[in-house]
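Enquirer: Build me a model from this:
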Amino acid sequence: MSDLTVSVDDVQELGNKLRFVAGEFEGAEDIASDYAEEVCHGDLAHELEQFASNWRVHRSKLMEGLTKFAELAQAAGDSYDGIESELANALQGEG
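Expert: Reported below is the predicted structural model:
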């Protein structure tokens with residue numbers, strides 16, 4: 001048995017924070033690509049373009065993962081909150 005204790009509010013807050021982080025990634029600019037246009041050295045410009053391209057792919061995967069975890073955390077928090085309310089009502093004879 002674990003000693004880890006997490007409140008429903010913490011789980012729901014985690015979902016909100018993960019959603020926020022995913023949004024920040026989505027809004028992040030591709031500045032490496034912009035710099036590549038300004039660089040006069042062909043090899044360096046090419047490397048910056050490669051980095052920007054790879055970053056777009058990995059950023060997209062990160063956003064997908066963060067969004068999925070945010071949805072799971074929110075669903076878990078909502079489920080636990082619902083169960084907690086049902087149990088409280090049942091104990092009080094209201095359910």
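Enquirer: quick one, helices of this structure?
Expert: Along the chain, the stretches classed as helices by DSSP state H are 8-27, 31-38, 42-91.
Enquirer: got the contact list for the second one?
Expert: When contacts are taken as C-beta atoms under 8 Å, 6 or more residues apart in numbering, the neighbours of helix 31-38 outside the stretch itself are 44-46, 48-49, 51-53, 55. Every C-beta, even on glycine, is put in place using the N, C-alpha and C of the backbone.
Enquirer: hang on, the earlier thing: least confident of the helices of the chain, on average?
Expert: Out of these, helix 31-38 stands lowest, with a mean of 75 (criterion: mean pLDDT).
Enquirer: Flag every buried residue along that one.
Expert: Residues 32-33, 36 are the ones in helix 31-38 that count as buried (16 or more other C-beta atoms under 10 Å).
Enquirer: What angle do helix 42-91 and that helix make with each other?
Expert: 160 degrees (axes from the mean of the first three to the mean of the last three C-alpha atoms, to 10 degrees).
Enquirer: now helix 31-38, how far from the chain's geometric center?
Expert: 27 Å (C-alpha atoms, centre = their mean, to the nearest Å).
Enquirer: Alpha carbons of it, as PDB, please.
Expert: As requested, the backbone C-alpha atoms of helix 31-38 are provided in PDB (Å, rounded to 0.1, in the frame of the first residue of the first chain):
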ATOM      1  CA  ILE A  31      12.100  30.900 -34.100                       C
ATOM      2  CA  ALA A  32      14.800  28.600 -35.300                       C
ATOM      3  CA  SER A  33      13.200  28.600 -38.700                       C
ATOM      4  CA  ASP A  34      13.100  32.400 -38.600                       C
ATOM      5  CA  TYR A  35      16.800  32.500 -37.700                       C
ATOM      6  CA  ALA A  36      17.600  30.200 -40.500                       C
ATOM      7  CA  GLU A  37      16.300  32.800 -43.000                       C
ATOM      8  CA  GLU A  38      18.700  35.400 -41.500                       C
END
